[in-house]
Structures are given as C-alpha cells and as structure tokens.
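[1] sequence unknown, structure follows:
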C-alpha cells in the first residue's frame, strides 16, 4: 500500500491509466491499457509501459507475471484513493471542524444524505486511522 506521506496528484496520463484500471476491475496487460485508450488517446506502447512501471514503483499498482508480460492492478480502489485525497486535504487545516462544516454547507443534498448515511453506518468505536 502507498505510504502515508502526502500524495502527489497523478499526472494526466497517470490519471487516465488509473481510471482505465479502476474501470476494468481486473488486472490488465500493457496492451490492454493501450487499447483502452483508443481512439481518444494514442500513446506509444513503451510510454504506457513506463507509466505503469512508474505507478508500480510509486506503490499505486501491484503487478503479477503473465508469461513475459506483467498484469497490473491498483493497490487502492478508486473510493479509497479519493478518500485518501480528502483526508490529506483536511489534514492541512488548523480548523478541521470549520473545514468539515463548510464542506457540508457546500455539498449538494444527495451527497449530504449519502454522508449522513455513511456516518450512521460507521461502527461505534472504529479507529479513525483504519481503512475500509
């Protein structure tokens, strides 16, 4: 799992690759990722291979040998990644309660209802540092 240091946002191509991997819901070969980018984008196979290797080296992807190739999949779900970004954004504030209150004021009613439901479903006594 990626370390708990502040995450650097994904670059444009990294974000596209991660979105494809999250949407696939299964490990993909480099050629699968390249094919998934067409026709909107047409990066070179070696460029995609380098991006996947870099994301693996940074801890965002795990990989498994498949013959001479690698199959890549995200270490975190899209939801876990997004929650981590939200947590990091909150961590830089001196007034966390104020930030949370402002956030709740600004979200749409459906998101507010989803947040209330999630808070209601959270088990009592859960360690806030644990991931689900």
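    Great, that's in hand. Because the structure is predicted, anything quoted here is derived from the model rather than measured. Residues are numbered from 1 along each chain as shown.
[2] check the secondary structure at the residue nearest to the spatial centre of the chain for me.
    Nearest to the mean C-alpha position of the chain, by C-alpha atoms, centre = their mean, lies residue 81 at 3.2 Å. Three-state call for residue 81 (DSSP: H, G, I helix; E, B strand; the rest coil): helix.
[3] in the host helix or strand of residue 51, what counts as buried?
    Using DSSP states H and E, residue 51 maps to helix 45-57. For helix 45-57, a neighbour-count test (16 or more other C-beta atoms under 10 Å) marks 48-49, 51-52, 55 as buried. In this view, the C-beta of every residue, glycine as well, is placed from N, C-alpha and C.
[4] element containing residue 59?
    If you go by DSSP H and E, residue 59 is not part of any helix or strand.
[5] now the helices for this protein?
    In the chain, the segments counted as helices under DSSP state H are 12-24, 30-37, 45-57, 78-91, 96-106, 109-121.
[6] would you list these in TSV and tack on distance to residue 64?
    Formatted as TSV, those follow (distance: least, C-beta to C-beta, whole Å):
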stretch	distance to residue 64
helix 12-24	13
helix 30-37	13
helix 45-57	11
helix 78-91	20
helix 96-106	38
helix 109-121	33
